[in-house]
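> Quick one, what's the 3D model for this:
(2 chains)
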Amino acid sequence: MAREIRTRFAPSPTGDLHVGNIRTALFDWAYARHTGGKLIFRIEDTDRERVTDEYIARAIETLKWLGLEWDEGPEVGGEFGPYLQSQRLDIYTKWAKTFLENGDAYNCYCSTEELEARREAQRASNQAPGYDGKCRSLTPEEVSKFLAEGRKPVIRMRMPDGETRFTDLIRGEVVFEHKYVPDFVLMRADGSPLYTLAVAVDDVLMKVTHILRGEDLLSSTPRQIRVYQAMGLATDELPAFAHLPFVMGTDNTKLSKRNGEVSIAWYREEGFLPEAICNYLALLGWSPGDDKENITMKELVELFTIERVNSSPARFDMKKLEAINGDKIRALTIDEFLTRALPFLLKEQVVKGEESEIEVVRKALPIIQERIARMKEVVPMLRFLFVNEVTFDDESAAKVNEADSKKVISTAIEALSGLSLWSHGEIESALRKALIEGLGLKPRNAFGPVRIAVTGSHISPPLFESMELLGKERSMARLESAVR
RNA sequence: GGCCCCGUCGUCUAGUGGCCUAGGACUCUGGCUUCUCAAGCCAGCUACGAGGGUUCGAAUCCCUUCGGGGCUGCCA
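Presented below is the predicted three-dimensional model:
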């Protein structure tokens, strides 16, 4: 029986999770689900000056919101925990010591200043900058001298001569000659581990079989493999690597958290649905293969394979995300739509949450469902139903105040005042009769002024349905006030 | 500079030697529909970075070149 596939998503939450992080998490998740394997969620917080508990909590929350459930990790536990690296420090220390004892690593007494100076010299003489191996084989006398100077050593991994060769699942065979991979630091003088140590140790201990991660980590792979080897893993026990292409900004620069639009929290506030974000992100670097792009999470799981992941970087396109989001919104049942729309209406205080209000919203949703691309848009779309008086923007105000408009609205008032049944059908036929037949107006010119008077804007949901929802009394009041 | 990765419409992509006078989606443009805005439908614009090979035949294989990106940290 083949061993169970285990992937991991291991962010370092130095800020809110962003688009690139989530795309990686999505692929990790989809691959684990597709293969019936496990997804491990691990927090890489070895740099506690930059990673805060607040960011960790937000990362957990974001993943849950997107529906990317993990099998092992924070909150759910698992047999290979803990899943916060800051709680695993003794493990890293133990391995670093082992490496030291076995001669795979050595104490390095060079100071940051000395290293920097030597790197400068290397650059100046056109050599590849990197650790020069100065402390690789210190004599006991040299060590005593350094210690006497009060120096505290870091632990540095020894890269042997030769090369590292591995098959990236996305890019094929990749070779790094070790002369371009200098000895690297595993542990600081204060005993805190570095990423290179912690990531490799954890992937081994957590029995990760497939490492899907950003392509920026591609050139650190030889170092990671070196740690595996020092831990005693045989070549056929190494995890498989798949380096995902970047998600770039529209301007072709790498997306970064410096840019406000990358934070997933922002997309949530704007009203992008989690399934739309996942669907769109899945298309960045992967494709279902046929011409169907609008897929469900279930379909993504069924179709996702690493073979179909691209190797070239993708640009993030807000327009396409919006289009997919609109499609997802239109696919919602009214109950689902209501559940998702309500938080936006409550937050902007369009409604207070009373039963009667929610009933109005429920009735109004069908007529705006195909008119919005972001959930947030329900707010401007429905606000007119819940205010006492509409307010006009400059353009609408000018339009409604024209003499022709006042005449149209007056005529509409006469036509509507006698209506006993206030339904959109009745309203429509009464207005058509009075304005189009009666005044000989084109529909556009006839209904425009009425629309502005009733909804406050020349852009609104369908007029007759809107008036029905508003009710006769309030509709008439708005018309009256517009001609006053 | 060195090492590594990448290169099909504006964007995301399909394409693994003939089905490609390169398909789909988003955007954009025009039209239809129409009470506004949308949605929907139809049509259109636009691409294999360049140059050499290999082959009867190349977007697909090879080489060179150009361009973009990453790494080159006691960040991850």
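> Any idea how many residues pack against the residue in the stretch 51-200 of chain A that RNA strand B sits nearest to?
Nearest to RNA strand B in the stretch 51-200 of chain A, going by C-beta to the nearest atom of the strand, is residue A:195, at a distance of 3.1 Å. To be clear about C-beta, it is placed using only N, CA and C from the backbone, and glycine gets the same treatment. Other residues near residue A:195 come to 18 when the count uses other C-beta atoms under 10 Å.
> cool, residue A:146 as well?
So residue A:146, with other C-beta under 10 Å, has 19 neighbours.
> how far away is it from residue A:197?
Distance of residue A:146 to residue A:197, given as C-beta to C-beta, to the nearest Å: 22 Å.
> Least confident secondary structure element in chain A?
Least confident helix or strand of chain A, by mean pLDDT, DSSP states H and E, is helix A:394-400 with a mean of 72.
> Now it - C-alpha only, CSV.
In CSV, the C-alpha atoms belonging to helix A:394-400 read as follows (Å, rounded to 0.1, in the frame of the first residue of the first chain):
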residue,chain,number,x,y,z
ASP,A,394,-25.8,66.2,-7.9
GLU,A,395,-26.5,64.6,-11.3
SER,A,396,-29.8,63.0,-10.1
ALA,A,397,-30.9,66.1,-8.3
ALA,A,398,-30.4,68.2,-11.4
LYS,A,399,-32.4,65.7,-13.4
VAL,A,400,-35.3,65.4,-11.1
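> Can you list the neighbours in contact with that helix?
The contact list for helix A:394-400 (C-beta atoms under 8 Å, 6 or more residues apart in numbering) reads A:392, A:405, A:409, A:448-449, A:452-453, A:456-458, A:482.
> Could you list which of the residues you listed also contact RNA strand B?
A:448, A:458 (C-beta under 7 Å from any atom of the strand).
> Pull out the buried residues from the contacts of helix A:394-400.
Neighbour counting with 16 or more other C-beta atoms under 10 Å marks A:392, A:405, A:409, A:448-449, A:452-453, A:456-457, A:482 as buried within these.
> now, among the contacts of helix A:394-400, which is nearest to residue A:47?
residue A:457 (50.3 Å; C-beta to C-beta).
> now the closest residue to that closest one other than its chain neighbours: how far from RNA strand B?
Nearest residue to residue A:457, sequence neighbours excluded (C-beta to C-beta, 6 or more residues apart in numbering): residue A:396, at 5.5 Å. Per C-beta to the nearest atom of the strand, to the nearest Å, residue A:396 is found 10 Å from RNA strand B.
> Burial check on residue A:396, number of neighbours?
21.
> Repeat that for residue A:216.
For residue A:216, the neighbour count with other C-beta under 10 Å is 12.
> sec struct for it, please.
Following DSSP: H, G, I helix; E, B strand; the rest coil, residue A:216 is assigned to helix.
> in chain A, which spans are strands?
Taking DSSP state E as the criterion, chain A carries its strands at A:6-9, A:38-41, A:105-108, A:154-157, A:163-168, A:172-177, A:184-187, A:210-214, A:240-244, A:247-248, A:314-315.
> among those strands, which is the most enclosed?
Greatest average neighbour count among the strands of chain A goes to strand A:6-9 (a mean of 26), per mean count of other C-beta atoms under 10 Å.
> got a list of what the closest residue to residue A:162 other than its chain neighbours touches?
Once flanking residues are discounted, residue A:162 sits nearest to residue A:178: 5.5 Å by C-beta to C-beta, 6+ apart. Each residue near residue A:178 by C-beta under 8 Å, 6+ apart is listed here: A:159-164, A:222.
> any idea how far the residue nearest to residue A:457 is from residue A:387?
Taken as C-beta to C-beta, the span from residue A:396 to residue A:387 is 15 Å.
> Could you list the domains of chain A?
A:6-76+A:247-318, A:88-244, A:332-386, A:390-484 (automatic domain parsing).
> which residues sit against stretch A:109-120?
A:129-132, A:134-135, A:138, A:143, A:146, A:151, A:153.
> do the same with stretch A:443-462
So stretch A:443-462 is in contact with A:364, A:367-368, A:371, A:381, A:384, A:390-393, A:395-396, A:399-400, A:402, A:404-406, A:408-409, A:412, A:424, A:431-432, A:435-436, A:439, A:463, A:466-467, A:470, A:475, A:478-479, A:481-482, going by C-beta under 8 Å, 6+ apart.
> one more time with 7 Å
With contact meaning C-beta atoms under 7 Å, 6 or more residues apart in numbering, stretch A:443-462 is reached by A:367-368, A:371, A:381, A:384, A:390-393, A:396, A:399-400, A:405, A:408-409, A:412, A:431, A:435-436, A:439, A:463, A:466-467, A:470, A:475, A:478-479, A:482.
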